[in-house]
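*Asks:* With the input below, show me the fold.
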Amino acid sequence: MSGRREAMSLEEAQRRIGSWAVPLEAVEIPLEEAVGLRLAEAVRTDMPIPAFVRAGMDGYAVRASDLVAASPHRPVLLAVSNPQAAGKGAGRIGQGETMRVGTGGPLPEGADTVVMQEAVALRSDDGGRQLAEFLRTETPGRHVTAAGAEAQAGSVLLEGGTPIGPGQSALLASLGIAMPRVYRRPRVAVITAGDDVVPIDAQPDVGQVRNGNLPMLRALVEAAGGLVVRTTHVRDEPAQAKEALESGLREADMVIVSGGISVGDSDVMGGLFREAGSGLLFSKLAIRPGSASSAMVLSGKLLIGLSGNPGACFAGFELLARPAIERLGGGSGLLRWHRARLAEGGIKNSAFPRFMRGVAWIEDGMLTARPCEENSSSGLISIGEANALLAIRPSGGETAAGVMIDVRLLSGWEDRVWQA
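*Replies:* A predicted model of the protein is given here:
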């Protein structure tokens, strides 16, 4: 890469990254360690769910036909049979009998209904036999779940690529899958660059800043499902930058670089991108912020370069690195966008698509959004204020209030915004 850099569309850049970000190998790991990972294969059940006819509440199992004449004025008395011990089968009741059952327990053979225990009074006859008193009729099947009501044997319960959360963990455990087959977590190396960046515990001189991008990128990688295996900061020294890249590529599945990717003489990472040759995927994007974002393939692995400016680094990660990490981990890598009403106008015109940090909420039943007050490439505070990225199309004039735009809710905000 040399000379003038041609700006590529975001869509083409994402396509090129996606062609290299293929799911990593599948591994079998203990279920308790698999939360947050994605299934590498579909999961079927080899038995119906539930596997037996199940009581829906604590109460008494009966034959509904035994209660057709029951009323407060003419109670029906049924003999109480002893339930089977747990794990010994459901037991059986005959005509004129009832049996105590618990929520989720098997229904005795012969029964077709459960009457809640609050509606039943117990008494004993002269011979000491326990009787249950019923004061009303019941509909067959009431408070009963049929075998296979949730799923029939052979049904696919979880598709490949499904992330494992609390509900999926419970389901896998109920199927006896102690070692699910999942895509392993992508290992990511994060490198920041620049003499003007100092450690967070250092006192910056004039023209220097503390390294906020490193912890930000670590948090973003982890939220996307990746595992940060190396973090490094390099000075504007080509040999040091090259060594950091080589170490990252040895240890990780993907490398993210922030800073030093432009065309200046001191931009050491940019120099490495310029030497990428056929491995270069792109070196400039037709978007704002993040136009300097770059990507290449080195040693068969993705390396994504992001701006050193915090706001542009954040946007570049969301648009380029997050989809790649999700694809490596077995996900689709497709960014989900929603249509939203712009609450405030006055967004200046731009010849390029803009991705602004913003706040989204539900108003009058509609997703509504506004840009954060501070939205420069170097902006920092608004990254913490934002819960969304606002996509503003190129325009010859200001984007007015009320216009419909595309909005991407940030990690952790999808459910919170819609449920607010």
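*Asks:* Am I right that Arg63 is in contact with Thr113?
*Replies:* Yes: under the criterion of CB atoms under 8 Å, Arg63 is in contact with Thr113, at a separation of 7.3 Å. Where you see a C-beta, it was placed from the backbone N, CA and C, and this is true even at glycine.
*Asks:* Do you have the helices of the stretch 51-200 of the chain handy? List them.
*Replies:* Per DSSP state H, counting those that start in this stretch, the stretch 51-200 of the chain carries helices over the ranges 166-174.
*Asks:* contacting residues for Glu109?
*Replies:* Applying CB atoms under 8 Å, 6 or more residues apart in numbering, we find Glu109 in contact with 90-93.
*Asks:* which of Arg63 and Thr113 has more neighbours?
*Replies:* Here Arg63 and Thr113 are compared on neighbour count by other CB atoms under 10 Å; more neighbours surround Thr113, at 24 against 20.
*Asks:* Just the closest of the contacts of Glu109 to Met404, please.
*Replies:* Out of those, the one with the shortest distance to Met404 is Ala90. That distance is 57.6 Å, counting by CB to CB.
*Asks:* what's stretch 232-240 in contact with?
*Replies:* With CB under 8 Å, 6+ apart as the test, stretch 232-240 has contacts from 189-195, 197, 199, 211, 214, 241, 244, 247-248, 260, 266-268, 271-272.
*Asks:* ok, now which ones touch Ser71?
*Replies:* In this structure, Ser71 makes contact with 135-137, judged by CB under 8 Å, 6+ apart.
*Asks:* now these in JSON lines, with neighbour count and distance to Val27?
*Replies:* Output for the contacts of Ser71, formatted as JSON lines (neighbours: other CB atoms under 10 Å; distance: CB to CB, whole Å):
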{"residue": "Leu135", "neighbour count": "16", "distance to Val27": "59"}
{"residue": "Arg136", "neighbour count": "12", "distance to Val27": "57"}
{"residue": "Thr137", "neighbour count": "15", "distance to Val27": "57"}
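*Asks:* Nearest to Gly316, out of these: which one, please.
*Replies:* The nearest member of the contacts of Ser71 to Gly316, counting by CB to CB, is Arg136 at 67.1 Å.
*Asks:* Test my guess that Val120 contacts Ala61.
*Replies:* No: when contacts are counted by CB under 8 Å, Val120 is not listed as touching Ala61 (11.0 Å).
*Asks:* neighbour-wise, which of the two wins?
*Replies:* Between Val120 and Ala61, counting by other CB under 10 Å, Ala61 is the more crowded of the two (29 against 18).
*Asks:* Now that one. Nearest residue, chain neighbours left out?
*Replies:* Excluding the flanking residues, the one nearest Ala61 by CB to CB, 6 or more residues apart in numbering is Ala111, at 3.7 Å.
*Asks:* With Gly110 instead?
*Replies:* Spatial nearest neighbour of Gly110, chain neighbours left out: Ile93 (4.6 Å); criterion: CB to CB, 6+ apart.
*Asks:* residue contacts, the one you found?
*Replies:* 61-63, 81, 99, 108-111.
*Asks:* Include distance to Ser382 when you put these into a markdown table, please.
*Replies:* Rendered in a markdown table, the data for the contacts of Ile93 read as follows (distance: CB to CB, whole Å):
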| residue | distance to Ser382 |
| --- | --- |
| Ala61 | 61 |
| Val62 | 64 |
| Arg63 | 67 |
| Ser81 | 69 |
| Met99 | 65 |
| Pro108 | 64 |
| Glu109 | 66 |
| Gly110 | 68 |
| Ala111 | 63 |
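*Asks:* Burial check on Leu280, number of neighbours?
*Replies:* 17.
*Asks:* I'd like to know how many residues surround the residue nearest to Ala61.
*Replies:* Counted with other CB under 10 Å, the burial measure for Ala111 works out to 26 neighbours.
*Asks:* Counting residues, which helix of this protein comes out longest?
*Replies:* If you go by DSSP state H, the chain has its longest helix at helix 238-251.
*Asks:* Heading C-terminal from that one, find the next helix or strand.
*Replies:* Taking DSSP states H and E as the definition, the helix or strand that follows helix 238-251 towards the C-terminus is strand 254-258.
*Asks:* average pLDDT across that following strand?
*Replies:* In this model, strand 254-258 carries a mean pLDDT of 97.
*Asks:* Dump it to CSV, restricted to CA.
*Replies:* This file holds the C-alpha atoms of strand 254-258, laid out as CSV (Å, rounded to 0.1, in the frame of the first residue of the first chain):
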residue,chain,number,x,y,z
MET,A,254,-7.2,-12.1,16.0
VAL,A,255,-5.3,-8.9,16.7
ILE,A,256,-6.8,-5.4,17.3
VAL,A,257,-4.6,-2.4,17.0
SER,A,258,-5.6,1.1,18.1
